[in-house]
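Undergrad: please find the sequence and the predicted model below.
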Amino acid sequence: MSDARVGRPGRYQRSVGGLVAALVLTVVAVGGLVWLLGLFRSDLEVEREPVDYLDEIAALQGAGIEPVYPATLPGDWVATSVDTRQGFQLQMLTGDDEFVGIVQDRAEVSALLDTFVDEDAPTTEIITVPASVIEAWQGYEDEGGDTAYAATLGEDTILVYGSASPAELEDLIGRLTTDPVED
């Protein structure tokens, strides 16, 4: 005869409490490991690649579209994105990594402000920029310090907005044109 006991679990008593304790211990160990590894890692900085927005503008103009765009960008600014899925959008970063965007769409000013600035962005002063494709621009500012300027060109609403200073946005507005891109 055999002395083995058939149908009995191992040497220790299994319980739900033991299972929960093991799971908690595992989560704490993994969390501690992630924290420890984080001590030795520098912050990850992702730089957005600049895009040649003038090539994109030339392609749009070749397709019969007349986007409002800056003929040149201020000193150390870079264009980071051109999007034509809904209207026309150009996104840029200033030398201080402040965001600036231009939107050209058939939507109402209030709809563009709701989407890109703030739902309740109060109006500020109207600025006049004689060198721009549009001379008069209505100003807006949200509670977070973002500034926006809007104007109408034909059936399109043009919105210039971002976290850059109002002076920087006004400088950009002075560079706006619809002229064909020079080769």
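TA: That came through fine. Numbers count the residues shown, from 1 in each chain.
Undergrad: measure residue 23 to residue 34 for me?
TA: 17 Å (C-beta to C-beta, to the nearest Å). The C-beta positions use only the backbone N, C-alpha and C, and glycine is treated the same way.
Undergrad: same deal with residue 95?
TA: 35 Å.
Undergrad: average pLDDT across the helix ranked longest in the chain?
TA: Secondary structure assigned by DSSP state H gives helix 16-39 as the longest helix of the chain. Taken as a whole, helix 16-39 has an average pLDDT of 86.
Undergrad: and stretch 85-97, by the same measure?
TA: The pLDDT scores in stretch 85-97 average 88.
Undergrad: about what we covered before: who's more crowded, residue 95 and residue 34?
TA: Between residue 95 and residue 34, residue 95 has the larger neighbour count (other C-beta atoms under 10 Å), namely 12 against 9.
Undergrad: skip the chain neighbours and tell me the closest residue to that one.
TA: Distances taken as C-beta to C-beta, 6 or more residues apart in numbering put residue 76 closest to residue 95, at 3.4 Å, once the chain neighbours are dropped.
Undergrad: that neighbour contacts residue 92, correct?
TA: No - counting by C-beta atoms under 8 Å, residue 76 stays clear of residue 92, with 10.9 Å between them.
Undergrad: so for these two, which sits in the more crowded spot?
TA: residue 92 (24 against 9).
Undergrad: who's in contact with the more buried one?
TA: Residue 92 sits next to 73, 77-80, 99-102, 162 when contact means C-beta atoms under 8 Å, 6 or more residues apart in numbering.
Undergrad: just list whatever residues bridge to the nearest residue to residue 175 once chain neighbours are set aside.
TA: Excluding the flanking residues, the one nearest residue 175 by C-beta to C-beta, 6+ apart is residue 70, at 4.0 Å. Beta-bridge pairing for residue 70 (DSSP bridges): residue 176.
Undergrad: pretty sure residue 70 sits against residue 178.
TA: No - Residue 70 is beyond contact range of residue 178, at 11.3 Å (criterion: C-beta under 8 Å).
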